[in-house]
Structures are given as C-alpha cells and as structure tokens.
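Student: Got a sequence here, can you model it:
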Amino acid sequence: MIVEDMQEALWSLSDQRRSAAEGFIGELHTDGWLAQHALRIVLALLAMSDAETNRYVRTCAVLKLYASLRAGRPVDLPLPELAQAPVPEAVSLEIPAIDFTSRAGGGTSTPAKGGAANAKGPGKGAKDSAAGAVPTLTDAVSLLVRSYSEPIPAVQAPPSPTEGEEGPSREELLATEWSMSLAAAFEGERCKLVRRLTALARYGCGMISELKRQAERLQSELDNMLGEHMRKESESISALASVMRKAAEAGDMLVHSLTLENEVLVVDESLLLVPPTPPPPLPPVIQPAEVDKFTIVQLASLGARLKQIAAATDLLPSSVLAATLEQLSVGAFDVEEPPLPAAWWPLGAPEYAKIAAAFAAGEPPLVAWPEFVAALAPVSPPSKEALLATLEKAARSAGRVELLGEESPSDVAVEGEAPPPEDDVPGESAGAEAAGEQDQPAAARVPTRLLLDRDQYDETRLWFEDEFAPAEGTYPVGDALKATLWDLFADPSGTLDVARLLLYFCNEASKAFVVVGFLRPPAAGVDSSSLSKAELYAVLHRDMPVPAAGVAPATYTDPFSAPAIDRLWQELQLGEDELVAHAHMARHPFGRAMLNACKAYLPKEVYAMVGAMHARAQNALKM
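Tutor: So this is what the prediction gives:
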C-alpha cells in the first residue's frame, strides 16, 4: 500500500505540473506578444511607404526644376502634395488556441496516469484572427495609393496659326515641349510609386502570415515537448514503483539510492544503501621484462641460486656458473616468468663459458658470485663521494661514530659517575673488533667490518636510490633492488657487512681503497684512503679462496702474497707501520704491476658481451 500511495502522489504532482504547462501554452495567444510583433511589422512597412511617397514628391519637384531650367521659364504644372498613411496604435493577430479540456483519447500531451491526449491543431474552420493586422496594412497603403490617383493635368500643344496670324514663338514651343515631358515624367513616377506601395503591402502581408505560422508551429512544438515529457515522466514513475514493489515483495533492501529528477529515474550508484562487497585486492605491480637485461625478480632468483650453490663462500667454479646459466636457459621458453632475459636464451655452452671466464680468477678459475650479481644489477657504479656518503650513513646507523672521528657517548665520562663494567659497555658488539685492535700496529691490523641489522640497513640510504624516483603505479626498482641485496649479502646471523657489499660494486681499485680505509678510525695527518699491509692484503684478496685452518697460503702462486706486499713496502721505502695511498702505489712500477694483476675491480660489461655475441652470430641465434 505504501508503494501505491507513493505512486498516486507522484501522479498527482505530475498532473499539477502538466496543468501548469498547459496553462503557459494556452497564454501564448492571449498575452499580446504576437499582436505586438505584428504591430512592429505594420509600423515598419508604413514607414517604408511614407518614405516612398516622400521620394515621389521630391523627385517630382526636382524634375519640375530641371524642366523649368531647360524651358527658360517656370513650367506651369502643379506638384503633387505629400500624403501620409495613418499610424495605428494597435493591431490584432491571434492564433487558434489548443483546447486541452476537450481532449479525449490519444494525443500529444500524455497525462501522468498513462492516459493520452491529442492536441487538436487549428482546423479549417478555425477563425482567421490575423485579419486585424493585414487589413490595417492594406487600408493604409490603399489610402496612399488613392491620394495620388488624381490625373495629372494634360498639357495641350499650341494650335496651328491660321493664315495671316503670327504663330507661337520659339520660347512658347520650348516651354510647351518641356511641360509635356514633365507631365509624362510625373505619370511615370506615379506608376512607380503605385508598384512599390503594392509590393510593400504584399511583402507585409506575407511577413504577417509567416509570423502567424511560426507562432502556430511554436505552440505545436511546445505541446509535443509537453507530451513527450509527460510520457517519460509516466514511465519513470511506473519504473520506480515497479522496482520498489519488487523489492518490497522479495523483502530485500534497495542497493542504490533511487531519485526521480524531472522525467528521469536516477539510480545513484555512488550512494549505497547496503554495504558493498569489498573489491578484490589489486594485483602486484610487476616490472616489465626487458629483452637483454635482468629484472629485479630474475636477478634475485639467480643470486639466490648461486648463493645456495656456493654454500658459505663467495666463490664457485666458473664451470659451475656456466652450467647453471645453461640449465636456466633450457627451461626459459615455456615458463610464465623466465629466469633469464630473452637475449640470453639462445646462447650456447661456449658463450656461457666465455661469460663465466670474464669473471674468473686463479687456478682453478673461480668466480665471485656477488661480483657477477653486481655486474647484472641495473645501477651505475658508485663514485668515491657516493661511497663515502653511504659509509658515513651506515656508520651513524650502526652507532660506529668512531669511524667518523667523533667520540662515542659511552666513552664520555660523566663527573661523579662510575664507569660501567666492561661487559655492559654500549656498542661493544658493533665495535668489538675495532676496540680490540686499537693497541695493534697499523700494518698488522685486519680491516674491521661495518655490520648493520635489517632496521639499520633500511634506514641507510644507498647510492642508487636517488636514481629511481618512486612513482605511483610503477614498479619500485630501487626498493626492490635494496631488498634483494639484503637477501643475498646478509649473514645467517641477520647482519650485513656494508663494506663487503660496496667492494663488489667498485669498478676501480682506488674506490676499494676508499671503502677499506674508511673502516679505520681517522687519525690526524693520515689520508683515510691509505691502507696498511693487512688492509692492502684484504683488498687484493677479495676474490681469493680462504686457506683451510692450519694451512699456510702458497706464496709462490699468489702475486699478492705477504712477501710481495713486504717487498712493495721496501720498494716504496715505507716503515712497517706506515700506510700507502693508491696514487703512491700506482706511480711505482712494482705497485702498478700488482694493481694491474688484480682483476677483481676491473669493470665487466656483461651486457655488452652478450650484445657482441648476438652481433657476431647475427641470424644464427634466431634459429
């Protein structure tokens, strides 16, 4: 019953609006706007008629002056007087009104309750209400025409002289001739005036008739628009009642807000009456695959596999690396996420062996898998300034302020407070190695490590993070690479050595000097990038296998052995505790030979190698 009552109320409102609209349409022929337009047309045409009569009178005056001048004396022919048409104050012009009350059956204007009404247009028996404007115009023009209908006086030629009489003089003949010409000209101008006045009357009647037709067409179009509007409104009311009736019968709540705006039923989907089902989670953003370069996911998968093969070391045989790449390329054709880029798939075992040999060193040839991963990473090698900035941020995150030349808060004695016991000194776990080696000579001190836990690592901003500006909706390459490096370089204890990470991204030996030299607390007058014997030994043996416990390293096969470093100190005339800088070492022939023999810090352009292989093979790899 509630739905039926609502429908009846809506239909009642619709009927009221329809009645108001019909009243507006019915007032079009009674409000006087049509008669005012017709009056403006009549007045304009009468003004043009007066202008024609004025032109006729003045033209006749000019012609008479001209004829008098040619005749040599005034021509005796009266001029027409100026006549003016009467100016009406009002005219009437009406169109047949639509009888909305007598409508029955189908029609143009549709009532709200589904009924119909037909607009009965002006039929043949409708009274022509335009007679008021047209007769006013025609009567005024007829009056002007009648004002100039008097015949023009005829000019008689002088009679022929009889015998013995003196004939007319030459002047009289000339005057008579121009009088006759002037009378003919007056008659011609009067005929022109009549034709022009008739044309104006005909044109004015046509304009009034067109105005009447346009008013009738406007009334008919408004009636049609009203009927179409009421039809749509009736359908919308029926649709609204049907939706509500079905929901009430089914006992369901309306999902969306329903609004009746004019004749349109609006379903507002933004306004929910029932809580919607939660949308499915957005799919993760995936880095687009490249033809010749590793994505972060591919790099993480390859690095994890190599780390698992190498177990607890950073080295693995070059043959194992080549075999691993070949094995991954075999299964890369029919998987959803291939482990290798598409350009690496067609490479054979010889090409993979060449790639592995470029990273191999020693006998048997061993490859540092972290260096291979660093060469595949989509980042530029860090500069010396970037290395120092990263190390300083890492030192502050780890609390190793002694590496920055600052005093640790635990080393500052507070007056009146006893020093804490040695077992409870803050920062002991972070700087134990450095604190235990302060009393050792610089040459014998082994480089310490700069360890960070996961929170400290996330807090430290690495050098490549500025290269990848985060953008909404794109794959976060910088963040994903940083997380991948943690997974690959972190120890099982949950810490990561930042110095070790940075050494594998150094593409010059001088940058390695900067990294290892930073791990030594700064001293006055000492270059932070200078190294001791033990530090230089660690830099040159980054990719060398660690000898087993109790086994002395073979000095005869190691170009960077301790005796070789002792000889370098002798050649450079350095004391046992003195440090050597990279520039100082590179200027000496023996030191330069040692640096050239160290292949660990030479840039390996692996992507360029793969591109050169494709260039040499050309279409052979496309088979």
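Student: Any regions of the chain where pLDDT drops low?
Tutor: Within the chain, the stretches falling below the threshold (pLDDT under 70) are 1, 102-131, 154-168, 252-276, 331-336, 407-448, 545-556, 618-623.
Student: Can you tell me how far residue 382 is from residue 611?
Tutor: Residue 382 sits at a distance of 24 Å from residue 611 (criterion: CB to CB, to the nearest Å). In this view, the C-beta of every residue, glycine as well, is placed from N, C-alpha and C.
Student: Return the residues in contact with residue 374.
Tutor: Each residue near residue 374 by CB atoms under 8 Å, 6 or more residues apart in numbering is listed here: 504, 505.
Student: do that again at 10 Å, thanks
Tutor: With CB atoms under 10 Å, 6 or more residues apart in numbering as the criterion, the residues that contact residue 374 are 299, 303, 368, 381, 485, 488-489, 501-507, 604.
Student: Residue 382 and residue 611: which has the busier surroundings?
Tutor: Between residue 382 and residue 611, counted using other CB atoms under 10 Å, residue 382 has the larger neighbour count: 21 against 13.
Student: which one is that one nearest to, not counting chain neighbours?
Tutor: residue 463 (4.2 Å; CB to CB, 6 or more residues apart in numbering).
Student: So what's the residue count around that neighbour?
Tutor: Using other CB under 10 Å as the criterion, residue 463 is surrounded by 19 other residues.
Student: could we number from 44 for the rest of this?
Tutor: Let's use 44 as the start, then, which means that last one is residue 506.
Student: Surely it and residue 430 touch.
Tutor: Yes. The pair residue 506 / residue 430 is scored as a contact, 7.3 Å apart, by CB atoms under 10 Å.
Student: Give the intersection of the neighbour lists for the two.
Tutor: Common neighbours of residue 506 and residue 430, using CB under 10 Å, 6+ apart, are 424, 545, 548.
Student: so who does the residue nearest to residue 425 touch?
Tutor: Neighbouring residues of residue 506 by CB under 10 Å, 6+ apart: 422-426, 428-430, 432-433, 436, 545, 548.
Student: Just read off the phi/psi values of it.
Tutor: The phi and psi values for residue 506, taken as degrees, to the nearest 10, are phi -70, psi -30.
Student: Could you do residue 331 as well?
Tutor: The phi and psi values for residue 331, taken as degrees, to the nearest 10, are phi -60, psi 140.
Student: Next one: it from residue 509, what distance?
Tutor: In this structure, residue 331 lies at 22 Å from residue 509, with CB to CB as the measure.
Student: who's more crowded, those two?
Tutor: Neighbours per residue, other CB under 10 Å: of residue 331 and residue 509, the larger number sits with residue 509, 10 against 7.
Student: I'd assumed residue 433 was in contact with that one.
Tutor: No. Residue 509 sits out of contact with residue 433 when judged by CB under 10 Å, with a separation of 11.2 Å.
Student: Residue 568: neighbour count?
Tutor: Other residues lying near residue 568 total 4 when counted by other CB under 10 Å.
Student: what does the one 5 residues further on give?
Tutor: Residues within reach of residue 573, counting by other CB under 10 Å, total 21.
Student: Check whether the closest residue to residue 402 other than its chain neighbours sits in a helix, strand or coil.
Tutor: In space, and not counting its chain neighbours, residue 402 is closest to residue 410: 4.6 Å by CB to CB, 6+ apart. Of the three states, residue 410 takes strand under DSSP: H, G, I helix; E, B strand; the rest coil.
Student: For residue 638, see how far away residue 410 is.
Tutor: Counting by CB to CB, the separation of residue 410 from residue 638 is 21 Å.
Student: With residue 622 instead?
Tutor: Separation of residue 622 from residue 638 (CB to CB) stands at 16 Å.
Student: which residues sit in contact with the residue nearest to residue 640 when sequence neighbours are not counted?
Tutor: The shortest distance from residue 640 to any non-neighbouring residue, by CB to CB, 6+ apart, is to residue 602 (5.0 Å). Going by CB under 10 Å, 6+ apart, residue 602 touches 583, 636, 637, 640, 641.
Student: coming back round to it: and residue 622 and residue 638? Which one has more around it.
Tutor: Residue environment comparison for residue 622 versus residue 638 gives the larger neighbour count to residue 622, 22 against 18, counting by other CB under 10 Å.
Student: Check whether that one really touches residue 575, as I assumed.
Tutor: Yes. If you go by CB under 10 Å, residue 622 and residue 575 touch, sitting 5.5 Å apart.
Student: Which residues does the residue nearest to residue 538 when sequence neighbours are not counted form beta bridges with?
Tutor: Sequence neighbours aside, residue 494 is the residue nearest to residue 538 in space, at 4.3 Å (criterion: CB to CB, 6+ apart). When bridges are taken as DSSP bridges, the partners of residue 494 come out as residue 540.
Student: Relative to residue 358, how far out is residue 494?
Tutor: Shown here: residue 494 relative to residue 358, a distance of 21 Å by CB to CB.
Student: What of residue 448?
Tutor: According to CB to CB, residue 448 and residue 358 sit 35 Å apart.
Student: Settle it for me: which of the two has more neighbours?
Tutor: Relative neighbour count places residue 358 above the other of residue 448 and residue 358, with 20 against 11, counting by other CB under 10 Å.
Student: can you pull the contacts of that one?
Tutor: Residue 358 makes contacts with 403-405, 409-414, 586-589, as judged by CB under 10 Å, 6+ apart.
Student: Please enumerate the helices of the stretch 44-193 of the chain.
Tutor: Shown for the stretch 44-193 of the chain, the helices assigned by DSSP state H, counting those that start in this stretch span residues 45-69, 76-114, 176-190.
Student: returning to what we had before: closest one of the contacts of residue 358 to residue 62?
Tutor: The nearest member of these to residue 62, counting by CB to CB, is residue 413 at 88.6 Å.
Student: Surely the closest one touches residue 548?
Tutor: Yes. Counting by CB under 10 Å, a contact exists between residue 413 and residue 548, whose distance comes to 9.3 Å.
Student: what do those two both touch?
Tutor: Counting by CB under 10 Å, 6+ apart, the contacts common to residue 413 and residue 548 are residue 528.
Student: what about the closest residue to residue 584 other than its chain neighbours, distance to residue 643?
Tutor: Nearest residue to residue 584 in three dimensions, chain neighbours excluded: residue 603, at 6.1 Å (CB to CB, 6+ apart). Going from residue 603 to residue 643 by CB to CB gives 10 Å.
Student: Spit out the residues that contact the two alike.
Tutor: For the pair residue 603 and residue 643, residues contacting each of them under the criterion CB under 10 Å, 6+ apart are 582, 583, 584, 587.
Student: which one of those is nearest residue 513?
Tutor: The shortest separation between residue 513 and any of the shared contacts of residue 603 and residue 643 is 35.1 Å, and it belongs to residue 582 (by CB to CB).
Student: Tell me how far that closest one lies from residue 643.
Tutor: Note on residue 582: its distance to residue 643, by CB to CB, is 8 Å.
Student: and if you look at residue 383?
Tutor: Residue 383 sits 25 Å away from residue 643, taking CB to CB as the criterion.
Student: same question, residue 81
Tutor: With CB to CB as the criterion, residue 81 and residue 643 are 105 Å apart.
Student: who's more crowded, these two?
Tutor: The neighbour comparison of residue 81 against residue 643 (other CB under 10 Å) goes to residue 81, with 27 against 19.
Student: Quick check: that one touching residue 176?
Tutor: Yes. Because the distance of 4.1 Å satisfies CB under 10 Å, residue 81 is recorded as touching residue 176.
Student: Report the set of residues contacting both of the two.
Tutor: Going by CB under 10 Å, 6+ apart, residues that sit against residue 81 and also against residue 176 are 133, 134, 135, 136, 137, 247, 250, 251, 254, 255.
Student: Quick one, which of the residues you listed are buried?
Tutor: The neighbour count (16 or more other CB atoms under 10 Å) marks 134, 135, 136, 137, 247, 250, 251, 254, 255 as buried among the shared contacts of residue 81 and residue 176.
Student: of all the residues you listed, which two lie farthest apart?
Tutor: 137 and 247 (17.8 Å).
Student: Give me the buried entries from the contacts of residue 506.
Tutor: 422, 424, 425, 429, 430, 433, 436, 545, 548.
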